[in-house]
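Student: got a sequence here, can you model it:
(one chain, ligands or ions: 1)
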Amino acid sequence: MISPDSPNPPVTLDLDLIRKYSGAGPRYTSYPPATQFTEQLAELRLDEAIAADNRPGAGPLSLYFHLPFCETRCWFCGCTTVITRRRAAAGEYLVDLTREVELTAARMDTRRPVAQVHFGGGTPTFSPPDELRKLGALIHQHFRLAPDCEFSVEVDPRRLTEDHVKALQEIGANRASLGVQDTNAAVQLAVHRIQPHALNVQVFGWLRDHGFRSLSVDLIFGLPLQTPASFARTIDDVLGLNPDRLSVFSYAHVPWIKPTQRIFEDRKQLPDAETKLALFALAHRKLTAAGYVDVGLDHFARPDDELAVAQRERTLHRNFQGYSTRAGASLYGFGMSSISQTADTFRQNLKDLQAWRTALANNQLPLERGYRLTEEDQRRRVLIMSIMCHRRLDFAALSNQLGVDVPVQYAKEIASLANLEADGLISCTAQGVSVTPVGVPLLRVIAMRFDAYLSNSANRHSKTI
Ligand code: SF4
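Tutor: Got it, this is the predicted structure:
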């Protein structure tokens, strides 16, 4: 058990309010959300964006590497993956990734310190250990990692050996998030992902033995055949691992985008909306009772974990990987489908492996779409991220930061909060807006009131709970 010492009042769940307000909405890992990206690349001048990002005094770098291969498909999965058992695919991919790093690094100021590296997927450890060592050498050849660089890797315990862990440690990785999802055998069979819990225990031991200082576990609620009793057992299992952080994601059922998910409908295995809500409430209750702090959205952390500390001290940030403690970094994504971000642009790589490869063979940055933020977008981004990360809008501080009188400029949006205030999700004064403990599970709903694009994108997002 962890002793809860957060000065923030504990988040409380009001299931009636969650029922009332839970609808489709963005997760605000970016603003505007990626649904606003456009393929009119010439107008976006994204190549210029990299040059502009090299400005004097620019902040640190954050590097993301998308490693898309998976040996088998988990039927719930919404990630951009390539399913294959052909190990040589990882080596071939690394050749193209090397080309992309060379092309991009040549345009960047690579003297800037790297504050974050993240390997995501797919399954990063589909790559054999020596391929991971080569990828690490490529990163160290082109970039300068800060001494306190947060280097994290998404880990599938089914596709990991101790030699993978050694290779990751050698190249500087110090954090890992384990995809567990659910430890119940029937649920695992239903989602096509057999992963005995003993594997999770073994992998946690290897990672701790090799000096990984922060270990996180990913769970999903709303999967086929899950019941409150089965999910309670799953949570007890992962609490036994004593992770530093947990993410408890809501299963996003989007069969029109991921047709494999139709099998759950055909077999009538999905929990209904009330059961899904009960699963969410159960996870929240058990994790907070065990001393974890609800950092926001799906994230829980030990009270002494950097993420919980940053939430308390209002230095939390949000990026494409969720909540983060590293502020002001420019994000450079490598690999198919990866997203990059500078102060006023987003750019996303081609999502098709062959198209990404062909662009690189032609010495082109493999871009598919992007976005250039207007000044208004940038102001709204600050407001939305203030709600998502700090659970408040401080009118004086924000007016000062944004150079506009926030209560006047956003009077319509602030007035639209009236029903949320009447229901107790927020409290409003002349000085600002604060999210109450009951409002935290509905942060997205509050932030949505400041989103200028919602009307034309709402039905393309997942439900807020
Ligand atoms: S291993 Fe991970 S990325 Fe691959 S299909 Fe399963 S959930 Fe998706």
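
Student: so which bits of the stretch 51-200 of the chain are right by the ligand?
Tutor: Counting by Cβ under 6 Å from any ligand atom, the stretch 51-200 of the chain comes close to the ligand at 70, 73, 74, 77, 79, 81, 121, 122, 123, 156, 179. C-beta: built from backbone N, CA, C; applies to glycine.

Student: now do the same for the residue of the stretch 251-400 of the chain found nearest the ligand: its pLDDT.
Tutor: The minimum distance from the stretch 251-400 of the chain to the ligand, using Cβ to the nearest ligand atom, falls at residue 260 (9.3 Å). Residue 260 is assigned 94 on the pLDDT scale.

Student: what sits against it?
Tutor: Counting by Cβ atoms under 8 Å, 6 or more residues apart in numbering, residue 260 makes contact with 73, 75, 77.

Student: one more: residue 302?
Tutor: Taking Cβ under 8 Å, 6+ apart, one finds 2, 244, 245, 291, 292, 293, 308 in contact with residue 302.

Student: so which of the residues you listed sit within helices?
Tutor: Using DSSP state H, the members of these that fall within helices are residue 308.

Student: export the contacts of residue 302 to TSV and tack on pLDDT, neighbour count and distance to the ligand?
Tutor: Below are the contacts of residue 302 laid out as TSV (pLDDT from 0 to 100; neighbours: other Cβ atoms under 10 Å; distance: Cβ to the nearest ligand atom, whole Å):
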residue	pLDDT	neighbour count	distance to the ligand
2	41	15	28
244	97	20	21
245	97	24	18
291	96	16	28
292	97	24	23
293	95	27	26
308	93	27	26
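
Student: just checking, which of the contacts of residue 302 belong to strands?
Tutor: 245, 293 (DSSP state E).

Student: the residue lying closest to residue 276 once chain neighbours are set aside: neighbouring residues, count only.
Tutor: Ranked by Cβ to Cβ, 6 or more residues apart in numbering and with sequence neighbours excluded, the top spatial neighbour of residue 276 is residue 222, at 4.5 Å. Neighbours of residue 222 under the rule other Cβ atoms under 10 Å: 23.

Student: for residue 85, same thing?
Tutor: 10.

Student: does it touch residue 71 like I think?
Tutor: Yes - between residue 85 and residue 71 there is a contact at 5.5 Å, judged by Cβ atoms under 8 Å.

Student: in the helix or strand of the chain with the lowest mean pLDDT, which residues are buried?
Tutor: Within the chain, no helix or strand scores below helix 41-44, which has a mean of 85 by mean pLDDT, DSSP states H and E. Within helix 41-44, the residues that count as buried by 16 or more other Cβ atoms under 10 Å are residue 44.

Student: continuing past that helix, what's the next helix or strand?
Tutor: The helix or strand immediately downstream of helix 41-44 is helix 46-53, counting by DSSP states H and E.

Student: ok, back up a step: can I get the contacts of residue 260 in TSV including pLDDT, secondary structure and neighbour count?
Tutor: Below are these laid out as TSV (pLDDT from 0 to 100; DSSP: H, G, I helix; E, B strand; the rest coil; neighbours: other Cβ atoms under 10 Å):
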residue	pLDDT	secondary structure	neighbour count
73	96	coil	14
75	96	coil	17
77	95	coil	20
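
Student: didn't residue 265 look like it was pressed against residue 255?
Tutor: Yes - using Cβ under 8 Å, residue 265 is in contact with residue 255, at 6.8 Å.

Student: for the residue nearest the centre of the chain, give its distance to residue 60.
Tutor: The chain has residue 321 as the residue nearest its centroid, 2.6 Å off, counting by Cα atoms, centre = their mean. Distance, residue 321 to residue 60, by Cβ to Cβ, to the nearest Å: 15 Å.
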